[in-house]
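**Student:** Pasting the sequence and the predicted model now:
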Amino acid sequence: MAVIALAGLPGAPGVTTTALTLQRSWPLEGDRRMLVAECDPDGGAVLSGALQGSLAADVSLRNLSVSLRGEQSLREAFWTQLVRLSDDNGHGDGRHVLLPGLTEPSQAASLAPEWSQLAELFVGIDRMPTHAHDVIVDLGRNGAYGPSRVLAQRADLVLLVVRGTLRSVNAAKGRIAMLRHVLESDQGRPAPSLAVLLITEGAYGQREVEDQLETRVIATLPHRPVEAAVLSDGARQDRKFAKSPLMKAARDACTPMRQQVASRRSRLYSPTQQRLAEVRSAR
């Protein structure tokens, strides 16, 4: 059970591709589902990228906001805006789902009243017995710092996606400081765990990145552009894709993330608090 927010840097470090990679690799027990929510205020990328325009933009974060202007509640409208994604075998089994993002940045302003409601919904749906989800929130480059920062503040784990290049590491120094400030400024709530997910491109390895950013590198993914293009741009995948170095590393990466989330929740939530949270999320 997890709500994980991914934040990026200038220079396109691959946040959305990372989100989709982790989604495919995440272990799902029972009938649990894994949701990727594109909450980048600069706009979503999956409809025109991974899905190659095969789906009309009639379901999206923007349309969710429009639905709320009517008589629907957020909980009712939310389920109508999800898209089934294919698994490694090309089947849309309903266990991998997407909330498509905005189609243009100008739409972000209209969502200001809904970000907080959406954050609470993400926290709640991972406990629903009939719609139990783990959630990956794609915040893009700027979603962790503006009005949508509440999505990061309510997460269990916030990951800054960093490449091992001088440009990326230098940019990450300022963003790590900003993230810490944002996550610790949500008074009355424990701050989420903060870590780095490293894309192994460039001269900086895990130890150097940890020393430079004074932040734990929780996992690494290899820089594999051809394999990543399957997820970022809908490139054709062969039968070996599920066993590729990228997907193998992603499966390995899920373990420390899940452990970090479980450790945080065990510290924060007693059985009584868990039951109270479940009651609140069911309302």
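**Tutor:** The structure has been received and is ready for your questions.
**Student:** hey, where'd the strands end up in this structure?
**Tutor:** Here the chain has its strands, by DSSP state E, at 3-7, 33-38, 83-84, 96-99, 133-138, 157-163, 193-200, 217-222.
**Student:** Can you verify my assumption that residue 115 contacts residue 151?
**Tutor:** Yes: with contact defined as C-beta atoms under 8 Å, residue 115 counts as touching residue 151 (6.3 Å). Every C-beta, even on glycine, is put in place using the N, C-alpha and C of the backbone.
**Student:** neighbour count winner among these two?
**Tutor:** Neighbour totals were compared for residue 115 and residue 151, and residue 151 leads with 25 against 21 (other C-beta atoms under 10 Å).
**Student:** Next up, the contacts around that one.
**Tutor:** For residue 151, the contacting residues are 5, 39, 115, 118, 119, 122, 137, 139, 143, 144, by C-beta atoms under 8 Å, 6 or more residues apart in numbering.
**Student:** picking that back up, most packed of the strands of the chain?
**Tutor:** Comparing those by mean neighbour count (mean count of other C-beta atoms under 10 Å), strand 3-7 comes out on top with a mean of 29.
**Student:** For residue 37, which non-adjacent residue is spatially closest?
**Tutor:** Excluding the flanking residues, the one nearest residue 37 by C-beta to C-beta, 6 or more residues apart in numbering is residue 99, at 4.2 Å.
**Student:** which residues touch that neighbour?
**Tutor:** When contacts are counted by C-beta under 8 Å, 6+ apart, residue 99 touches 35, 36, 37, 38, 39, 60, 61, 64, 78, 81, 82, 83.
**Student:** re the thing from before, tell me which of the strands of the chain lies nearest to residue 266.
**Tutor:** Residue 266 lies closest to strand 193-200 among the strands of the chain, at 12.4 Å (C-beta to C-beta).
**Student:** Can you pull out the residues in contact with the closest one?
**Tutor:** Contact partners of strand 193-200, identified using C-beta under 8 Å, 6+ apart, comprise 6, 13-14, 18, 156-164, 172, 176, 179-180, 183, 206, 209-210, 213, 215-223, 253, 260-261, 264.
**Student:** Tell me the strands beside that strand, with direction?
**Tutor:** Using DSSP bridges, strand 193-200 pairs in its sheet with strand 157-163 (parallel), strand 217-222 (parallel).
**Student:** Export the longest helix along the chain to PDB, keeping only CA atoms.
**Tutor:** Longest helix in the chain by number of residues, with DSSP state H as the criterion: helix 245-268. Included here for helix 245-268 are C-alpha records, laid out as PDB according to Å, rounded to 0.1, in the frame of the first residue of the first chain:
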ATOM      1  CA  PRO A 245      17.700  -4.500 -18.100                       C
ATOM      2  CA  LEU A 246      15.400  -1.600 -17.600                       C
ATOM      3  CA  MET A 247      12.500  -3.700 -16.400                       C
ATOM      4  CA  LYS A 248      14.700  -5.900 -14.300                       C
ATOM      5  CA  ALA A 249      16.100  -2.900 -12.500                       C
ATOM      6  CA  ALA A 250      12.600  -1.500 -12.000                       C
ATOM      7  CA  ARG A 251      11.400  -4.600 -10.300                       C
ATOM      8  CA  ASP A 252      14.500  -4.500  -8.000                       C
ATOM      9  CA  ALA A 253      13.700  -0.800  -7.400                       C
ATOM     10  CA  CYS A 254      10.200  -1.500  -6.100                       C
ATOM     11  CA  THR A 255      11.500  -3.500  -3.100                       C
ATOM     12  CA  PRO A 256      13.300  -0.600  -1.200                       C
ATOM     13  CA  MET A 257      10.400   1.700  -2.100                       C
ATOM     14  CA  ARG A 258       7.900  -0.600  -0.600                       C
ATOM     15  CA  GLN A 259      10.100  -1.200   2.400                       C
ATOM     16  CA  GLN A 260      10.400   2.600   3.000                       C
ATOM     17  CA  VAL A 261       6.700   3.100   2.800                       C
ATOM     18  CA  ALA A 262       6.000   0.200   5.100                       C
ATOM     19  CA  SER A 263       8.500   1.500   7.600                       C
ATOM     20  CA  ARG A 264       7.100   5.000   7.600                       C
ATOM     21  CA  ARG A 265       3.500   3.800   8.000                       C
ATOM     22  CA  SER A 266       4.400   1.400  10.900                       C
ATOM     23  CA  ARG A 267       6.000   4.300  12.700                       C
ATOM     24  CA  LEU A 268       3.100   6.700  12.100                       C
END
